[in-house]
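Engineer: below is the sequence, then the predicted model.
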Amino acid sequence: MMGGFSLLSLGLITQGYGYFRYQTFPSNLIFLIAGLPSSTYLKTTLNGHSNSVRSIAVSPDSNYLVSGSNDHTVKIWNLPKGELVRTLNGHDGNVYSVAITPDGETIVSGGDDNTVKIWNLKTGQLKKNLTGHQGFISSVAISSDGKTLVSGSYDHTIKVWDLPTGKLKQTLTGETNWVSSVVISPDGKTLVSGNGGNTIRIWDLDTGDLKKTLTGHRDSVISLIISPDGKTLFSSSLDRNIKIWDLTTGELKNTLTGHIYYVHSLAISPDGKTLVSGSANNTIKVWNLETGELKTTLTGHRNWVSSLAISPDGKTLVSGSRDDSIKVWNLP
């Protein structure tokens, strides 16, 4: 313990991991911590939800933020101003996942009422209500051309929809556990799913054929994200690790350790150089992907960090938490 603080509490060592870096310090300096305090990066805190914030998404122009919550609502915020624009009511249960189309015109949301809802972002009008899943919707994803919607569910299935019409194109039934996360590659050809059974599956989105199954996590896979160039897949898990995979070959390239509790959310910067991860111990870690090193740890949330998003302009990080709040940060 140094100056009343333990090395564990300061994040210089992490419980459960054997990594330790020895450093010396100037004789006239009691203690030195790399990085800036979290308050340096925090811009504002958005309050308005009355229950856990489960999912967030930023519009392509970086002007709007959309959030889904256990208070059964979807909220639309003016991101630069930090102001609530409107609240969308319609879900009969928790909203677990939200996404915005590439043209910035449409919101998609899914929740534990087993429905996927499609909304007009500018007016808040409910455009379509998609049914068919027999369990809650844990994750939704939209292709880069805005034509395909994918939903993953607790019913162990993945449904692929034509987004403009709302028609079901196909149902993928190869999952052996509840589907926790779905993500589509930038070229729209590949779908990746994670599940509660520790595995990741890579699918051909056009044919629905299973291409690869990735194993390596020791607990449920919770979040997936693909790099902007479409070459790299990132996965986080209840096993506290982040794994980095070659999306084409399925080869495991690296494992990032440092979180001391479940890693629930991931986001990647538009230039592909920065990865952000949120944990059930209320912290956010920012990683340099070129070196694999931890840049900084952000604190301030009072409960699990359940969702992360980085604005398309690469300037702003947004975090949603089970403390019912949304925090807006300058991306370190």
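Structural biologist: Here it is on my side, so go on. Everything quoted here is computed from the prediction, not taken from an experiment.
Engineer: number of residues surrounding Trp77?
Structural biologist: Counted with other CB atoms under 10 Å, the neighbours of Trp77 add up to 23. (Glycine included, C-beta is placed from N, CA and C.)
Engineer: how about Gly292?
Structural biologist: For Gly292, using other CB under 10 Å, the count is 13.
Engineer: nearest residue to it in space, please, no chain neighbours.
Structural biologist: Nearest residue to Gly292 in three dimensions, chain neighbours excluded: Asn254, at 6.0 Å (CB to CB, 6 or more residues apart in numbering).
Engineer: residue contacts, Thr73?
Structural biologist: Applying CB atoms under 8 Å, 6 or more residues apart in numbering, we find Thr73 in contact with 49, 87-89, 91, 95.
Engineer: inside strands: which ones of the residues you listed?
Structural biologist: Among those, DSSP state E puts 87-89, 95 in strands.
Engineer: helix/strand/coil for the residue lying closest to Ile100 once chain neighbours are set aside?
Structural biologist: Nearest residue to Ile100 in three dimensions, chain neighbours excluded: Ala57, at 4.8 Å (CB to CB, 6+ apart). Secondary structure, DSSP: H, G, I helix; E, B strand; the rest coil: Ala57 is strand.
Engineer: check the gap between Ala57 and Leu266 for me.
Structural biologist: Distance from Ala57 to Leu266, counting by CB to CB, to the nearest Å: 14 Å.
Engineer: and Ser227, by the same measure?
Structural biologist: From Ser227 across to Leu266, the span is 11 Å (CB to CB).
Engineer: what touches both of those two?
Structural biologist: Counting by CB under 8 Å, 6+ apart, the residues touching both Ser227 and Leu266 are Phe234.
Engineer: ok so Ile260 is a helix residue?
Structural biologist: No. Counting by three-state DSSP, Ile260 falls outside a helix, being coil.
Engineer: doesn't Arg240 make contact with it?
Structural biologist: Yes. At 6.7 Å, Ile260 counts as touching Arg240 under the criterion of CB atoms under 8 Å.
Engineer: quick one, which of the two is more surrounded?
Structural biologist: Taking neighbours as other CB under 10 Å, Ile260 and Arg240 compare with Arg240 leading, 23 against 17.
Engineer: what strand or helix carries the more buried one?
Structural biologist: Secondary structure from DSSP states H and E places Arg240 outside every helix and strand.
Engineer: quick check on it: phi, psi?
Structural biologist: Main-chain torsions, Arg240, degrees, to the nearest 10: phi 80, psi 0.
Engineer: tell me the pLDDT at it?
Structural biologist: Note for Arg240: predicted pLDDT of 96.
Engineer: how about the residue nearest to Asn47 when sequence neighbours are not counted, phi and psi?
Structural biologist: Sequence neighbours aside, Ser325 is the residue nearest to Asn47 in space, at 5.6 Å (criterion: CB to CB, 6+ apart). The phi and psi values for Ser325, taken as degrees, to the nearest 10, are phi -110, psi 160.
Engineer: burial count for Ser325?
Structural biologist: By the criterion of other CB under 10 Å, Ser325 has 19 neighbours.
Engineer: cool, and the one 3 residues further on?
Structural biologist: Residues near Val328, counting by other CB under 10 Å, number 20.
Engineer: you'd agree it is up against Thr45?
Structural biologist: Yes. With contact defined as CB under 8 Å, Val328 reaches Thr45; the gap is 7.5 Å.
Engineer: give me the low-pLDDT residue ranges for the stretch 1-150 of the chain?
Structural biologist: Applying pLDDT under 70 to the stretch 1-150 of the chain flags residues 1-36.
Engineer: show me where it has its helices.
Structural biologist: 7-10, 38-41 (DSSP state H, counting those that start in this stretch).
Engineer: now do stretch 214-226: distance from first to last residue.
Structural biologist: 15 Å (CA to CA, to the nearest Å).
Engineer: let me fix that: stretch 227-239
Structural biologist: End-to-end distance (CA to CA), stretch 227-239: 22 Å.
Engineer: circling back to that earlier point, who's in contact with the residue nearest to Gly292?
Structural biologist: Counted by CB under 8 Å, 6+ apart, Asn254 has contacts 243-244, 292.
Engineer: quick check: phi and psi at it.
Structural biologist: Residue torsions, per degrees, to the nearest 10, at Asn254 are phi -160, psi 160.
Engineer: likewise for the one 4 residues further on?
Structural biologist: In terms of degrees, to the nearest 10, the main-chain angles of Gly258 are phi 150, psi -30.
Engineer: so it is in contact with Ile284, correct?
Structural biologist: No. Assessed by CB under 8 Å, Gly258 is found out of contact with Ile284, at 11.8 Å.
Engineer: more neighbours: these two, which one.
Structural biologist: Ile284 (26 against 20).
Engineer: separation between that one and Val179?
Structural biologist: Taken as CB to CB, the span from Ile284 to Val179 is 25 Å.
Engineer: what do you get for Val150?
Structural biologist: Where Val179 is concerned, Val150 sits at a distance of 10 Å (CB to CB).
Engineer: which residues do these two both contact?
Structural biologist: Ile158.
Engineer: about what we covered before: buried subset of the contacts of Thr73?
Structural biologist: 49, 88, 91, 95 (16 or more other CB atoms under 10 Å).
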